[in-house]
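Peer 1: 3D, please:
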Amino acid sequence: MNPNRKRIVEITTTGLFIAIIVVMTFVPNLGYITIGTLSITTIHVPVIIGSALLGPIGGLILGFTWGLTSFIKVFVAAVSPIELALFSNPLISILPRILVGLLVALAAGGVRKWLKKEYPGDIAIAVLGTVMNTTFVLGAIGLFAGGTLFPQDKTLTTILMTIVGTNGLVEIGVAVLLVPVILSRLRKVIRN
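Peer 2: So this is what the prediction gives:
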C-alpha cells in the first residue's frame, strides 16, 4: 500500500471509530448497558479493536475520545448519583481510558509477535484490554475518590467489588466473542 493511501485509510478508520464511540456513548443501552444493578460496558470493544489496528497514536486518540465522551455523558445522562460523583472527575473518567487505548495498541503488536498467530493474539488483546479498563478505572477510583466517597465502608466495598467482578466477566466474554472476529475482517478490508 502506498504511503498516501495508507495515511488516508488510517485517518478514515480513526474517524469511523471516533463516530462509533460517540454513538455508543450517547445511544442508551448500546455502549453502557444497564440491567438492574449491573452496568455492562460494551464500548471497550471498538476501542480495543481500533487501538489494535491503528497503533499507539490511534490508541491514544480513541482512548481520549472514550474518556471524554464518558466524562460528558455523566453530566447529561448519569445513571446514578454515585456515577455522577465518580465520573465527573476527569482523573477517573478520562485518564484510565487514555491508558487503555495506548497500552492496548502497544501490547497488540507484542502479543501477536509472541503468539505468532493473529486469532489467539486477538483473544489475548480482548482479555487484556477489558481487564486493563476495569483495573485502571477501579484504581483511579481508589486513588482519587476512595477515601472521600467510600470511607472505610467494608460492606460497600464488598458490594462494589462483587458487581464489578460480575460485570468484568460479562465484559471479557463480550470482548472475546467480538474482538477477534471483527479485527480479522477489518484487517482483510484494510489490507486490500
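Peer 1: gap between the helix or strand I20 falls within and the chain center?
Peer 2: Using DSSP states H and E, I20 maps to helix 3-26. Mean-position distance between helix 3-26 and its chain equals 16 Å (CA atoms, centre = their mean, to the nearest Å).
Peer 1: Looking at the helix or strand encompassing K188 now, give me its mean pLDDT.
Peer 2: Assigned by DSSP H and E, K188 belongs to helix 154-191. What helix 154-191 shows for mean pLDDT is 83.
Peer 1: Against which helices or strands is that helix packed?
Peer 2: Here helix 154-191 touches strand 38-41, helix 44-77, helix 118-144, going by 3 or more CB pairs under 8 Å, 6 or more residues apart in numbering; DSSP states H and E. No exception for glycine: its C-beta is placed from N, CA and C like everyone else's.
Peer 1: how far off helix 3-26 does it point, in degrees?
Peer 2: Calculated by axes from the mean of the first three to the mean of the last three CA atoms, to 10 degrees, helix 154-191 forms an angle of 150 degrees with helix 3-26.
Peer 1: how about helix 154-191: buried residues?
Peer 2: 164, 167-168, 170-172, 174-176, 178-180, 182-183, 186 (16 or more other CB atoms under 10 Å).
Peer 1: ok, and the closest non-adjacent residue to the most centrally placed residue in the chain?
Peer 2: The residue lying closest to the centre of the chain (CA atoms, centre = their mean) is H44, at 2.9 Å. In space, and not counting its chain neighbours, H44 is closest to N133: 5.1 Å by CB to CB, 6 or more residues apart in numbering.
Peer 1: Correct me if wrong: L91 contacts G142.
Peer 2: No: using CB atoms under 8 Å as the test, L91 is too far from G142 to be in contact (11.4 Å).
Peer 1: thought E171 was touching T134?
Peer 2: Yes: contact criterion CB under 8 Å: E171 and T134 qualify, at 7.2 Å.
Peer 1: where does this protein have low pLDDT?
Peer 2: Residue ranges of the chain with pLDDT under 70: 36-38, 146-161, 163-164, 192.
Peer 1: OK, contacts around A77?
Peer 2: Contact analysis of A77 by CB atoms under 8 Å, 6 or more residues apart in numbering lists F26, P28.
Peer 1: ok, now which ones touch F71?
Peer 2: F87, S88, P90, S93, I94.
Peer 1: Tell me how far it lies from P180.
Peer 2: 30 Å (CB to CB, to the nearest Å).
Peer 1: next one: E83
Peer 2: 31 Å.
Peer 1: Okay then, goodbye and thanks.
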